[in-house]
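Undergrad: Next one to model:
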Amino acid sequence: MKRALGILTLLAVSNALFATGATAIGTFSRRFDSPVSKEIILRFPIFLSKAYTRAKKGRVMYPNEFSKLREEKQIASRVIYTPDEYSQISKLIDGGNLLTGEIFEYAEKEKDDEGNDIEPTAEIPDKKYVLVRLYHYSSTTGKISSFTVYSKPETVVIDLLRTVLPLEKDRYLSRPITSASKLAVIAPLKAVELNDFYISLLSQNFKVHPLSGLDFEASSSADLRLARHLMTQRVSYYSPLLVESVTPPALSAAGDNEANRADYNAFASIVANKDYNFEKQLKTILGQIRSRTGAEYLLLLNPDGKNSFARGFDLSTGGMVWYQDSFPAKSGADADVLASMISEMQRPLVILSEEQLNKIAEEKDRMSAQGASGGLASVAILDFYDRTNTPLYTWLASSLSIAIDDSMKKIFEYDRANEKKSFEAGSRIFRSPADVNEKTLKEFQTATGADYLIFGFYSVSAKTGNIVIESKIYDLVKKKEIGGSTTESPVDVRLFNVVDEISQGIVQDIFSMTQQQTK
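TA: Below is the predicted model of the structure:
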């Protein structure tokens, strides 16, 4: 079917399936515009939307949609916001979430037989890796979950999906901790209560290894409360802070991987020291616990009514694999809360199967291919209207349409409608933007057979002297406008980055429209 969008096909899902607010995609900072950073910024929102739709986890609000809402309220574009800004954002996303990130690219050096770094040569090329630090803000809990994903460029988008999908309200579980697991447990209970709890775990076929203060420093209730702010190599969970004192280092203009790594490590050290120095101690402490107990997981459990919380660590990798701050207990009694904790850490995840993730990965790989074939959406792209009132910029009319076509092909596959027919029909039917209406859109669709129409106009800002580009996207079958944007740029190399942003917005608008359709 032509309008199936080929590999762009989204499962059409009713909004009734979405019980929670949208997950908005915000700013993803990067040190330079590399192919990997563009892959993440352009395609991660698309595939997160696909994954959320298939897992029935809610709607993804694309970056261009969130950006419009943010700009209307004059909120700056940031990766990490202040508490006041998060309060404003929570009203924009209405009970939903905000996902932002930092992209760092690194080169992994080759090692010799003794484990020493080998300087890269033409014969021994560097292996390129990318590190993405994600920040997931929940407007319902007012808390931030922060993840670090370190991956190969070709798999980073799918690895980001694997990381984000297990997130739920006030709960994260990378994988269920099931019975028969070997557990090391710390809980601020009296001796009798603790023994009863151990017996309960043993009856459920868990292997339990009691810990003393010698095994782990945070053995008191007061210390356990600090675990709310633990920073690990994989995930943290905390309330928004004033961010001026923990702002990432200035980004270097050059793509110097080793210098960037040093900058990032310095920043991570600052954050770790701020949050009780836990990151520095984590590997050593968990290694000691694993060595003494042979356990697979460390559980920090604090049953304290409404203030209860649980943290679970994988003793093999040192990463946090479970956190939760609210539990469906029968009562606030310690025994009931603990029973609920053990049930929750075994509860199945609302995620995708490995087979479904592999299918999304295959779609991503196909999306990287150039060209198009039968069955894809037909898109007509017209020359932009010149409203500059000067011959200096007439060349932009066709240059913009060509650049947008080239840029969109980097993001997804589609059929470009017959250019000769499109230009002939466009110049005859749309003599100016004011001529666009339901009747003329139908006439253009009949003449060209296209599914979507993209065009716009550009002018010169009297205030700045920059080019102002307004783009429009029309669904020709529904005969209505489905998106667009207004962007300003100097007439230099930066103009082509703006074209990429326009193309990204066009793709997101098409996906947003498709996702809102019912079956």
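
Undergrad: how close does residue 427 get to residue 454?
TA: Going from residue 427 to residue 454 by C-beta to C-beta, to the nearest Å gives 16 Å. From N, CA and C alone the C-beta is placed, and that goes for glycine too.

Undergrad: Of the two, which one has the most company?
TA: When residue 427 and residue 454 are compared for neighbours, residue 454 comes out ahead with 25 against 11, by other C-beta atoms under 10 Å.

Undergrad: how about low-confidence regions in the stretch 101-250 of the chain?
TA: Screening the stretch 101-250 of the chain residue by residue with the criterion pLDDT under 70, one finds the ranges 107-127, 212-231, 233, 241-250.

Undergrad: all helices of it, in order?
TA: When secondary structure is read from DSSP state H, counting those that start in this stretch, the stretch 101-250 of the chain shows helices at 156-164, 191-203, 221-225.

Undergrad: so where's the protein uncertain?
TA: Counting by pLDDT under 70, the chain contains low-confidence ranges at 1-20, 107-127, 212-231, 233, 241-281, 366-376, 410-413, 511-519.

Undergrad: tell me, what residue is most central in it?
TA: Central residue of the chain (C-alpha atoms, centre = their mean): residue 99, 5.4 Å from the mean position.

Undergrad: Now do the helices in this protein.
TA: Defined through DSSP state H, the helices belonging to the chain, from first to last, are 35-55, 63-72, 83-93, 156-164, 191-203, 221-225, 257-274, 278-293, 334-344, 354-367, 396-409, 419-429, 438-448, 494-516.

Undergrad: show me the contacts for the residue lying closest to residue 326 once chain neighbours are set aside.
TA: Nearest-residue entry for residue 326: residue 170, 4.8 Å, with adjacent residues in sequence omitted and distances by C-beta to C-beta, 6 or more residues apart in numbering. Applying C-beta atoms under 8 Å, 6 or more residues apart in numbering, one finds that residue 170 lies in contact with 138, 141, 143, 324, 325, 326.

Undergrad: residues contacting the fifth one?
TA: To tie it back to what came earlier, the one meant is residue 325. So, once contact is read as C-beta under 8 Å, 6+ apart, residue 325 ends up touching 141, 143, 170, 171, 228, 237, 308, 309.

Undergrad: Find the pair from these with maximum spatial separation.
TA: 143 and 308 (15.0 Å; C-beta to C-beta).

Undergrad: Now for the closest residue to residue 57 other than its chain neighbours: which residues touch it?
TA: Closest residue in space to residue 57, ignoring its immediate chain neighbours: residue 350 at 5.9 Å, by C-beta to C-beta, 6+ apart. Listed by C-beta under 8 Å, 6+ apart, the contact partners of residue 350 are 55, 56, 57, 165, 168.

Undergrad: The third one - how many residues pack around it?
TA: Around residue 57 there are 22 other residues, counting by other C-beta under 10 Å.

Undergrad: for it, phi and psi?
TA: In terms of degrees, to the nearest 10, the main-chain angles of residue 57 are phi -100, psi -10.

Undergrad: So it sits against residue 164, correct?
TA: No. No contact is recorded between residue 57 and residue 164 when judged using C-beta atoms under 8 Å, the distance being 9.5 Å.

Undergrad: Find the residues that touch each one of these two.
TA: Contact with both residue 57 and residue 164 is made by no residue, according to C-beta under 8 Å, 6+ apart.

Undergrad: Let's have the contacts of residue 325 in a markdown table, adding distance to residue 330.
TA: Conversion of the contacts of residue 325 to a markdown table gives the following (distance: C-beta to C-beta, whole Å):
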| residue | distance to residue 330 |
| --- | --- |
| 141 | 22 |
| 143 | 25 |
| 170 | 18 |
| 171 | 18 |
| 228 | 24 |
| 237 | 25 |
| 308 | 13 |
| 309 | 18 |
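
Undergrad: From those residues, list just the buried residues.
TA: Among those, those classed as buried by neighbour count (16 or more other C-beta atoms under 10 Å) are 141, 143, 170, 171, 228, 237, 308, 309.
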